[in-house]
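[1] A structural model of the following input is requested.
(one chain, ligands or ions: 1)
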Amino acid sequence: MTKHTSLQHQPCINNQLSIGGIALTRLVNRVGSTPFYAYDRQAIINRMAELRQQMPPELKIHYALKANPMSAVVQLMAGLVDGFDVASAAEMKTALDTAMPVEHISIAGPGKRPAELSQAIAAGITINVESFNELETIAQLSAHTGIAASVAIRINPAFELKSSGMKMGGGAKPFGIDEEQLPAVLRRVHALELDFQGFHIYSGSQNLKAEALIEAQQQSVALALRLLEFCPNGIKKLNIGGGYGIPYFANETPLNTQQVGDALNVQMDIVKAAQPHAELIIELGRYLVGEAGVYVCQVVDKKISRGQVYLVVNGGLHHHLAASGNFGQVIRKNYPIAIGNKMYAEQQETVNIVGSLCTPLDILADKILLPVAEVGDLVVVYQSGAYGLTASPNAFLSQPSAEEVLV
Ligand SMILES: *Cc1c(COP(=O)(O)O)cnc(C)c1O
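    Next comes the predicted model:
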């Protein structure tokens, strides 16, 4: 296996991977059992600090909890980012339990139930409106409670974010309201007693191409400014999404965030000239936490089938669907993996790593070259800080869940 570009300098203590300054076997003892996810606090702090340097100083950076809603992580993020974006009532509760001011929290997602909308209105967070029906429900709930809901319109733009892992805008989509329908929806918003904040445009996720992100950012700003004509009081917020990706596979190169930040400077000036008091916001999940987390499981069996070596671990796709290749990958590829207690050992055995679920889907690595591993050794899956435990079918085959620690 070609060594992963961003993994060439993993910190080690003796022969072991170190996470948050703790040697892996010691961390296993501290957690008390395997499998578990460990998130490195300092890695998250460093990632944010670096991003701040690269982005325009006035840009607001929000964290999308969906990537990793562990409450300790969200508490840490509350001190690092400018706002939170949530996508359910439970995520809203996690966000409201932090010190983040409610004006900087928003909720997005299709199919928000009246109960969730009422909670969001009572909390005073901004609701990113996804449809005409949702707008009417919010207006009724606002009238009923006497609290003018804070709303932004989520726009499904006519353009697409090119080369994105997951496209969430352009064409027919369940997210947001089509750009063409915006004049009508804005007329309705202004006829209702709502606290109109501005726009939310989220075009896609997991993008490693600076040029594609830059183009989408430009198009998002241009679209919002065209719509100002239908906003008699202007806008207070313009959330242009994110989609900043991280490299997972050996052939991928990290996103050039400096280039994206430089281009955003230009957009910041354009927004300021048109709407001096509006906040320009990006919202990121994976980019902020994805590289700061590992999934750790233990080899419980080693066997040979017709010449191929299988390491069977005590975890699997029920904890880490994405590493198994079943979370939106078209062709299955191996996540970067190490034997965490044999970091300096030579890679000399090609193995398949499978989980303990009785299904052929439960693959963590397919023909990967690693140090010779035995029962009891620790398998570490990198790039696991985002879309890990909560993005996996925990209940499938009724195996135990995994712990999560922030170290
Ligand atoms: C999923 C999502 C995000 C976060 O995406 P990442 O790829 O983790 O950065 C942000 N905003 C919205 C609306 C989303 O749906």
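[2] what residues are up against the closest residue to the ligand within the stretch 101-250 of the chain?
    With CB to the nearest ligand atom as the measure, Ser205 is the residue of the stretch 101-250 of the chain nearest to the ligand, at 3.4 Å. Every residue, glycine included, has its C-beta placed from N, CA and C. Under the criterion of CB atoms under 8 Å, 6 or more residues apart in numbering, the contact partners of Ser205 comprise 164-166, 168, 242-243, 245, 285-286.
[3] format the residues you listed as TSV; extra columns: distance to Ala216, pLDDT and neighbour count.
    TSV is the format used below for these (distance: CB to CB, whole Å; pLDDT from 0 to 100; neighbours: other CB atoms under 10 Å):
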residue	distance to Ala216	pLDDT	neighbour count
Ser164	9	77	22
Gly165	14	75	16
Met166	13	78	13
Met168	11	83	19
Gly242	10	95	28
Gly243	7	96	31
Gly245	13	97	23
Gly285	17	98	24
Arg286	16	98	23
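[4] rewinding a little: per-residue pLDDT of the residue of the stretch 101-250 of the chain closest to the ligand, please?
    Ser205 is assigned 93 on the pLDDT scale.
[5] repeat for the one 4 residues further on
    Per-residue confidence for Lys209 comes out at a pLDDT of 97.
[6] which residues does the nearest residue to His277 once chain neighbours are set aside contact?
    Once flanking residues are discounted, His277 sits nearest to Lys236: 6.9 Å by CB to CB, 6 or more residues apart in numbering. Applying CB under 8 Å, 6+ apart to Lys236 gives the contacts 197-198, 277-279.
[7] buried ones only from the residues you listed, please, as a ChimeraX command.
    Buried residues among these (16 or more other CB atoms under 10 Å), as a ChimeraX selection:
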select :197,198,278,279
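[8] need the phi and psi values for Val185.
    As for Val185, its main-chain torsions (degrees, to the nearest 10) stand at phi -70, psi -40.
[9] does the closest residue to it other than its chain neighbours have beta-bridge partners, and which?
    Nearest residue to Val185, sequence neighbours excluded (CB to CB, 6+ apart): Ile177, at 5.5 Å. Beta-bridge pairing of Ile177 under DSSP bridges involves Ile155.
[10] wait, doesn't Ile177 sit right on Ile155?
    Yes: contact criterion CB atoms under 8 Å: Ile177 and Ile155 qualify, at 6.3 Å.
[11] more neighbours: the two, which one.
    Ranked by neighbour count (other CB atoms under 10 Å), Ile177 and Ile155 place Ile155 first, with 26 against 21.
[12] tell me how far that one lies from Cys231.
    Note on Ile155: its distance to Cys231, by CB to CB, to the nearest Å, is 13 Å.
[13] and Thr25, what does it touch?
    16, 341, 378.
[14] part of a strand, is it?
    No: counting by DSSP: H, G, I helix; E, B strand; the rest coil, Thr25 is not part of a strand but helix.
[15] separation between it and the ligand?
    31 Å (CB to the nearest ligand atom, to the nearest Å).
[16] likewise for Ala38?
    Between Ala38 and the ligand the distance is 19 Å, computed by CB to the nearest ligand atom.
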